[in-house]
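S.K.: got a predicted structure plus its sequence, pasted below:
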Amino acid sequence: RTALLIDVVDLDPGYDLGTGQFTIKSPLNGGYRLTVGSGASYTVIGQVTYAATGGPAILIGGELRSLDTPDTPPVQAFTNRNGRLAASGVKPGRYRLTLFSTPLLTVDIDIKDGQNSLIDLGALRIPSP
């Protein structure tokens with residue numbers, strides 16, 4: 001058995017390297033193909049406020065659901081105490097962001113491969129009920 005530790009110098013911010021550790025036992029005249037990391041290296045951010053008051057929408061959960069591959073598990077999203085939205089570990093593709101507020105806020109997002117790894121949605125307003 002051999003333990004392989006993988007590390008990358010100057011890894012781009014937000015890139016998911018995974019555990020970076022593999023344990024293998026190579027057969028005679030054989031080998032392994034290893035996948036390190038994934039394409040889920042994008043982070044979605046934004047500022048969420050209430051339309052009626054302009055105040056921050058604090059501690060609201062939500063999800064990013066893929067429109068390209070609907071069977072994949074959604075990426076969890078949330079707002080902090082300042083209404084700042086964050087969802088990390090997102091792959092390129094089309095998504096629907098749903099915040100579980102009252103009423104629900106939904107926004108469609110298109111993340112293209114090769115763009116900045118930090119996707120800023122800017123100001124998002126939850127409509128008044």
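M.R.: Ah, there it is.
S.K.: the protein: strands as residue ranges?
M.R.: Per DSSP state E, the chain carries strands over the ranges 2-5, 21-24, 42-50, 61-66, 75-79, 84-90, 93-99, 105-111, 118-126.
S.K.: dump these into CSV; add distance to Thr35 as well.
M.R.: For the C-beta atoms, the positions are set from N, CA and C on the backbone; glycine is no exception. Listed next are the strands of the chain as CSV, based on distance: least, Cβ to Cβ, whole Å:
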stretch, distance to Thr35
strand 2-5, 13
strand 21-24, 10
strand 42-50, 18
strand 61-66, 20
strand 75-79, 20
strand 84-90, 16
strand 93-99, 19
strand 105-111, 21
strand 118-126, 24
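S.K.: okay, the ones you listed in a markdown table with mean neighbour count, mean pLDDT and distance to Gly30 next?
M.R.: Below are these laid out as a markdown table (neighbours: other Cβ atoms under 10 Å; pLDDT from 0 to 100; distance: least, Cβ to Cβ, whole Å):
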| stretch | mean neighbour count | mean pLDDT | distance to Gly30 |
| --- | --- | --- | --- |
| strand 2-5 | 9 | 81 | 13 |
| strand 21-24 | 11 | 81 | 10 |
| strand 42-50 | 20 | 94 | 36 |
| strand 61-66 | 18 | 97 | 36 |
| strand 75-79 | 20 | 97 | 36 |
| strand 84-90 | 19 | 93 | 33 |
| strand 93-99 | 19 | 97 | 35 |
| strand 105-111 | 15 | 95 | 38 |
| strand 118-126 | 14 | 95 | 41 |
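S.K.: next one: the nearest residue to Gln47 once chain neighbours are set aside from Val90, what distance?
M.R.: Nearest in space to Gln47, with sequence neighbours left out and distances taken as Cβ to Cβ, 6 or more residues apart in numbering, is Ala123 at 5.2 Å. For Ala123, the distance to Val90 equals 20 Å [Cβ to Cβ, to the nearest Å].
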